[in-house]
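Asker: missing the sequence, but the structure's below:
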């Protein structure tokens, strides 16, 4: 008997550990998200502080992290004026350019795809941190054209040593350069460069390359003399500056930029936290289930406690205390695991170029508090229902042989579930009637409510699914199949709760698959309809490229039109907007932009075109005034038409090239649309363009189909990231299945013993457990897929006017997901089945 | 009436199961306890035998070893022509499935299956169909035809145990082992079950070995074997409740005055 007690105890430990593990995973995701974004923020803050001097002089609005690269400069004469200030200990002129990348010895861009490639002249300026921004680590500084220095990390990654000839791509007049590496520099701030590439030029060499030979600076850094405050120095400098140029205190500049970065990182955090929330919700199901089963198994013991005089509250509290302990331990381990997860994310982001090598991963008090709150609250809530049920056990049950827990009837559950589903549908309907972000929020809320409703109703909804599966089982596996089916139907709540956990994961997977597929199909269609150009030249790493490339292509024989498409960030009515800029005639020659009002040709210097979504939400009509704020100032424009945005016209607003340039945004190209002369040979033109671009790994030449394929690939990449993040929720769901099966096996020890006694072989027994597992997972998959498809179709309809106007359902992929779910069931059953098969027949029969 | 031992008085042909010097030791060294201490016994075909003895006498262990549910420390178990020792788990499982029937004190029906499904379970596991004639005979004998579609929790204890008996008989096993089949039943339900077991011996020549505490239950059998301290200490043929009770008294007196009372 002692053996049996001991085994039960060990078994319970395992069960608590499994539900504790769900908390660990959920909390780890939450903590990891915070730790990782804190680490990112810390690294960026380090860079910002490490590059900002006491006073920064630059054209008004330039140099912010939130704005596009500025084309405006400060005349060199200003430098001499500022140097004369007695309160300035040091004054240095900077020439900085973005989009300069090193081509590695393998022919690929180093860094790329996110982190900036910065080029500037060498100065000895000290940052507000007190460290010199750039120090020479080895070799010598570049002197004259044809020489550069690189930061150590980039040189190392690219595989170059001092003395090597280094190929560079630049946005300047020379798209590609070769320069000798004369030295390596160190960046002053701790925490590294987050993957950015630093290229140091001799200043005189930079002017013809990037500034058309003019003697100008992009900014001037000033260091205050001892005892002089930043504000004092800035005020004195401002008196000397020409209009349009301003001096700002370094602390303010740093803070503004940190805030801008913080906002951007906030999005990453929220993105990660959404998936953390999914994991936590799925974990909740697992915890509810575990505690329900634990309480059921301990019901006799609990009844005994009641018989001996324990109050309901005491019983209730004893269960909740257990939950608290599990939550506490789970959250603690979860925070540790979150730290590891953050390090893992560092590796993942490192793989795409965001190098956080030197960054520290701070576990802030805020992270710890949130993690414990999430872990404990979720566990306590999840354990509350089972605890209440435990308290309702009648004392007399202690005397009975088989104790059945008092259970609320499924009817009440069905009613609540149905009400929720109806409410959810209503919310979705209201969402469809509404518009814009509000409508989408209502639709999302509706989906959430329906999901909960269906989870509640799943014990009943799942019955036909399991029954149907049972028919197949019985036909294929005979009695073993029947037994497995009956077992999964035996405790519908438990089966349904276990399946619900998987259902949530698969609903989201199916939803995202459908949206992704629809987005791809819509993009394909839009590109086919819109793009009339023969070729598209696009940037491969998300950074605009030198205008020289377009100039050279335009000069080729047989090329008719080269339409430049430029991008920028602006502000309209206080909101950040994505701008596209192009020449109206060129655009009309190469694209057939679908317009719902006006003509593409109407695009002129005082005109702005608006995409359909924005026009809807802001109620724009032709002739409406729009104030567009760019870094160089605000321009008063008039709405000239409404276009449909797509991958071929990626913008919310379209302006003329001149408007963008006037706004101070550097005239670099994002896309080139190229048409050939009617008579010219496509392949010949293609080869000719290739000769211009083949040495430039930052741009790629594509025809229409390749361009569409590239867009699809981007959507796929995004989809895979989401699958990976949802994977965690699925893992938790699998843990839930393992848990439920293991508990079922323990609960049915006697029955298992009997089956073995009357001749069920170990293999048959394992198969029985496995089939039950598959039944649970297929149930979850079927419910999840059904809802995912419904939600996916609904959401596609909701965002049809935002460019996703083609519905495409990836049936094959969805079927594969169901099959994978069945496979998950098989895997989840391995341990419980082994455990069942190992049961000693004799022990099983004699177990009380 | 009482013989102290009854070895090899019958030909091997008429024996459904027998043990030779069967020993089962639990624990090791000083702490070891012999639950069975050299038991040699035979169960003839078509005979209804009761195994009795005080708690700890080894009667359950004897049954578990003979029924291929437990392994012995030494000695042999023969089931028909088969020697159990050295058989693999798979062979033992198949043996239980095909040659042995079980009736347990706690009925041990599968709660998710109907009475009928429970009865044919051993056959279904083996992937065989019941012989319809024999199935009908068994069902009529237990008298539960109208309740075949009911689940165990819709049946009384006596009815459940009759279902369990039918399950043990339907595959026509060589031998049925019943472990206190009436332990949980009131007297009238007990009488139903015992009467049914008696009939299956008389009418169909079934071999049954029943472990019991109850002299009245033992009175239904052809022969009672008494165990104490892991040894066969007495045997009674053609017992009645009274003769069994008498024999029990004699044995308990012996155990008090005589050797160890290792109970």
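Answerer: Here it is on my side, so go on. Keep in mind that this is a model prediction, so the values were computed, not measured. Residues are numbered from 1 along each chain as shown, chains lettered A, B, ... in the order given.

Asker: wait, what's in contact with the closest residue to residue A:139 other than its chain neighbours?
Answerer: Nearest non-adjacent residue to residue A:139, counting by Cβ to Cβ, 6 or more residues apart in numbering or on different chains: residue A:183, 3.1 Å away. For every residue, glycine as well, the C-beta is placed using N, CA and C. Residue A:183 makes contacts with A:136-142, A:149, A:162, A:200, as judged by Cβ atoms under 8 Å, 6 or more residues apart in numbering or on different chains.

Asker: And residue A:530, by the same measure?
Answerer: Shown in contact with residue A:530 (Cβ under 8 Å, 6+ apart): A:591-594, A:646, A:648-649.

Asker: Also residue A:814?
Answerer: A:510, A:513, A:785, A:788-789.

Asker: Next, give phi and psi for it.
Answerer: Backbone torsions for residue A:814, taken as degrees, to the nearest 10, come to phi -60, psi -40.

Asker: Name the residue of the stretch 151-263 of chain B that lies nearest to chain A.
Answerer: Nearest residue of the stretch 151-263 of chain B to chain A, counting by Cβ to the nearest Cβ: residue B:167, 7.2 Å away.

Asker: Could you tell me how many residues sit around residue 229?
Answerer: In the absence of a named chain, chain A is used. The tally of other residues near residue A:229 (other Cβ atoms under 10 Å in any protein chain shown) stands at 13.

Asker: meant chain B, my bad for not saying
Answerer: Applying other Cβ under 10 Å, we find 21 residues neighbouring residue B:229.

Asker: Closest residue of the stretch 701-848 of chain A to chain B?
Answerer: Closest approach between the stretch 701-848 of chain A and chain B, counting by Cβ to the nearest Cβ: residue A:759, at 2.3 Å.

Asker: wait, isn't that residue in contact with residue B:97?
Answerer: Yes. Using Cβ atoms under 8 Å, residue A:759 makes contact with residue B:97 at a distance of 2.3 Å.

Asker: hey, what's in contact with both of those two?
Answerer: B:122, B:125-126.

Asker: Could you turn the buried ones of the residues you listed into a PyMOL selection?
Answerer: The following PyMOL line selects those of these that are buried, judged by 16 or more other Cβ atoms under 10 Å in any protein chain shown:
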select buried, chain B and resi 122+125+126
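
Asker: about what we covered before: out of the contacts of residue A:183, who has the most neighbours?
Answerer: residue A:149 (28 neighbours).

Asker: Beta-bridge partners for that residue, please?
Answerer: With DSSP bridges applied, residue A:149 shows beta-bridge pairing to residue A:183, residue A:200.

Asker: who's in contact with it?
Answerer: Contacts of residue A:149 (Cβ under 8 Å, 6+ apart): A:122, A:136, A:139, A:141-142, A:181-185, A:199-200.

Asker: Go again with 6 Å.
Answerer: A:142, A:182-183, A:185, A:200 (Cβ atoms under 6 Å, 6 or more residues apart in numbering or on different chains).

Asker: my read: residue A:88 touches residue A:222, true?
Answerer: Yes. Using Cβ atoms under 6 Å, residue A:88 makes contact with residue A:222 at a distance of 5.0 Å.

Asker: More neighbours: these two, which one.
Answerer: residue A:222 (27 against 19).

Asker: Secondary structure element for that one, which one?
Answerer: Residue A:222 is part of strand A:219-224 when elements are defined by DSSP states H and E.

Asker: average pLDDT across that strand?
Answerer: Averaged over strand A:219-224, pLDDT sits at 91.

Asker: That strand: how far from the chain's middle?
Answerer: Centroid separation for strand A:219-224 versus its chain: 38 Å, with Cα atoms, centre = their mean, to the nearest Å.

Asker: Give me the contact list for it.
Answerer: A:53-55, A:57-58, A:79, A:88-94, A:125-126, A:233.

Asker: Out of those, which end up buried?
Answerer: Members of these classed as buried by 16+ other Cβ under 10 Å are A:53-55, A:57-58, A:79, A:88, A:90-94, A:125-126, A:233.

Asker: For the residue in the stretch 151-300 of chain A positioned nearest to chain B, the count of nearby residues, please.
Answerer: Proximity of the stretch 151-300 of chain A to chain B (Cβ to the nearest Cβ) peaks at residue A:296, 14.7 Å away. Neighbour count of residue A:296, defined by other Cβ under 10 Å: 22.

Asker: the helices in the stretch 351-500 of chain A, which residues?
Answerer: Assigned by DSSP state H, counting those that start in this stretch, the helices in the stretch 351-500 of chain A fall at A:365-391, A:410-433, A:436-490, A:492-530.
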